[in-house]
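Trainee: pasting the structure only:
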């Protein structure tokens, strides 16, 4: 962009402030920047120094940068691709901060330029024809002077000039995005094809610093060899068309459309007027804020010529002395021999201030930057009847579109090719006003009717759908783990309760068996007593006194043996199978009760508790414990041989019935 020659004028020496070259001109039109580079300097000056312009531009640039959304291609692992791209863009490149800086350049200069700097490893080659050793610059002691790498070659032990060679390396963490100062960029623009060639004019300060051996080592080791060669040959750098991106502010057609028009150009006159009022306020603050106090003598009789009757020097000395005493003692009381008048000079800054005019110009500046005044000073709320926020939203949406194009057309393709990353579409979240509550309510209503997807609803509310899904999966895993821990603890508690219950059931069963055994012994004792009475009656009737029938004697002996725990004739010994007992062994209720107890014992107690219960039973009732253990062994042997227990017939004779009782 160039300034038309018809308006490119400079103030003349004999021209006054009231004479203008045109009726459309004002005082600020006396000087217009002659070139776009001079215009850039004034834009930079206003942004750095003006108290109204900088906050507006900063807020405009920061407000439009939203979160990034990663959309992977079909077939790729979405979680892995999103994680890789998020690390590269947000951690390694810090893309959001770079976008903020580029938007600042765009708002101030109307242009922003950037390139991608890929990492490289520098090697130094010995120029000695007999050596030609090649080593990494990190392993060689060198210095850069007279635009040459000089040092000691360790292979040939000679001081030589090295030839530098840069080789690209694969290290994505060293990739950087370079922002170029528009003042150093020249554009060769072809209006017929809309194609531009970008030239970087190496500044003088950079050439001097590169040539200074005292401070150029850090600068030289990271500077590409092409730039060092251009400095040595006193040339400029032409950018590769694939490695430079130009943000350009849209503007009207002009003579030269190579550069975009700075948005600040329209407020130059208002900024100059604001500075004029500011200078006036500064003068008023210096001269008119603090009043000057005058003490004037007067005659007692009201005569306006006190010098005829009063020595003014003596009076002035007296008044100065009183003022000094009053400053040391503000509550002191002082007397004067004659009256004095007080008069204040100036002190009228409030009546002369230009605050209202400055506020009006401030509003004009903010309006010239395309934002409402409340955007800076607060109080801006969403209103359905107002279109100011809609206009502001559309302005911000256009900026977000520029950033999306920057990512889609420049950053993502080059990073993907260099890092060999999976395909992805990266864009910024759709820009929405933060307090658009009505739009959010509509989105929630549409989701309830299953009209839009969960992802659209979550993104409309300002959340990251992928991040929320990851958090839900993490919370679900934690919830399942917590439920598992609770179930295991509950099962352990139930198991402990069952074990304790089983122990007490065993104790209760043992007590029950003791009670049953005592009842059986009492019953047998009563039967013996009855039999003894019957025998006595029989002896009295026909036999000798005290003489028993042999069958009765055998029955009495068997009952006494059972009470004493001794094996009787016809009973199996411990460890002897019951099947081998003679036919005369008493069978009946005792054997059935023993089988029932054994079956209950096997069903009630698990195998790991039987020994403990059996030991307790041996201590309380050894005979019963031996009988149960013998029966269990018999059942185990029968289970091994798969032979059923022998069937026993019920006794038929009266003797056997009597003996079983």
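Mentor: It's in. All values reported here derive from a predicted model rather than from experimental measurement. Numbers count the residues shown, from 1 in each chain.

Trainee: per-residue confidence averaged over the longest helix along the chain?
Mentor: Longest helix in the chain, counting residues (DSSP state H): helix 465-541. Across helix 465-541, pLDDT averages out at 84.

Trainee: and it, what does it pack against?
Mentor: helix 78-86, helix 454-460, helix 550-564, helix 589-604, helix 607-620 (3 or more CB pairs under 8 Å, 6 or more residues apart in numbering; DSSP states H and E). In this view, the C-beta of every residue, glycine as well, is placed from N, C-alpha and C.

Trainee: at 10 Å instead, please
Mentor: Using 3 or more CB pairs under 10 Å, 6 or more residues apart in numbering; DSSP states H and E, the elements in contact with helix 465-541 are strand 68-72, helix 78-86, helix 454-460, helix 550-564, helix 589-604, helix 607-620, helix 622-641.

Trainee: neighbouring strands - and their directions - for the shortest one?
Mentor: When pairs are called by DSSP bridges, strand 68-72 turns out to pair with strand 424-428 (antiparallel).

Trainee: enumerate the positions of the helix or strand following the partner strand that are buried.
Mentor: On the C-terminal side of strand 424-428, the nearest following helix or strand under DSSP states H and E is helix 437-448. Of all the residues in helix 437-448, those buried under the rule 16 or more other CB atoms under 10 Å are 443, 447.

Trainee: can you give the distance from helix 437-448 to the centre of its chain?
Mentor: 27 Å (CA atoms, centre = their mean, to the nearest Å).

Trainee: with stretch 461-474 instead?
Mentor: 12 Å.

Trainee: what sits up against it?
Mentor: Stretch 461-474 has contacts (CB atoms under 10 Å, 6 or more residues apart in numbering) with 66-72, 78-79, 82-83, 86, 429, 432, 434, 439-440, 443-444, 453-459.

Trainee: mind redoing it with 6 Å?
Mentor: Stretch 461-474 is contacted from outside by 82, 440, 455, 458-459, using CB atoms under 6 Å, 6 or more residues apart in numbering.

Trainee: next, format those residues as TSV and append pLDDT and distance to residue 622.
Mentor: Listed next are the contacts of stretch 461-474 as TSV, based on pLDDT from 0 to 100; distance: CB to CB, whole Å:
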residue	pLDDT	distance to residue 622
82	84	77
440	75	84
455	79	78
458	81	77
459	73	82
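
Trainee: just the buried residues of those.
Mentor: Those of those that meet the buried threshold are 82, 458-459, by 16+ other CB under 10 Å.

Trainee: one step back: of the helices and strands packed on helix 465-541, which is nearest residue 332?
Mentor: Nearest to residue 332 among the helices and strands packed on helix 465-541 is strand 68-72; the distance by CB to CB comes to 73.3 Å.

Trainee: distance-wise, check residue 456 relative to residue 136.
Mentor: 52 Å (CB to CB, to the nearest Å).

Trainee: comparing these two, which residue is more hemmed in?
Mentor: residue 456 (14 against 11; other CB atoms under 10 Å).

Trainee: and the gap between the nearest residue to the more buried one once chain neighbours are set aside and residue 428?
Mentor: Spatial nearest neighbour of residue 456, chain neighbours left out: residue 443 (7.3 Å); criterion: CB to CB, 6 or more residues apart in numbering. Residue 443 sits 19 Å away from residue 428, going by CB to CB.

Trainee: and stretch 136-146, which residues are buried?
Mentor: Across stretch 136-146, burial judged by 16+ other CB under 10 Å covers 137, 140, 142, 144.

Trainee: now for the residue nearest to the third one when sequence neighbours are not counted, how many residues are close by?
Mentor: Taking CB to CB, 6+ apart, and ignoring the residues beside it in sequence, residue 142 has residue 151 as its nearest neighbour in space, at 3.8 Å. Neighbourhood size, residue 151 [other CB under 10 Å]: 17.
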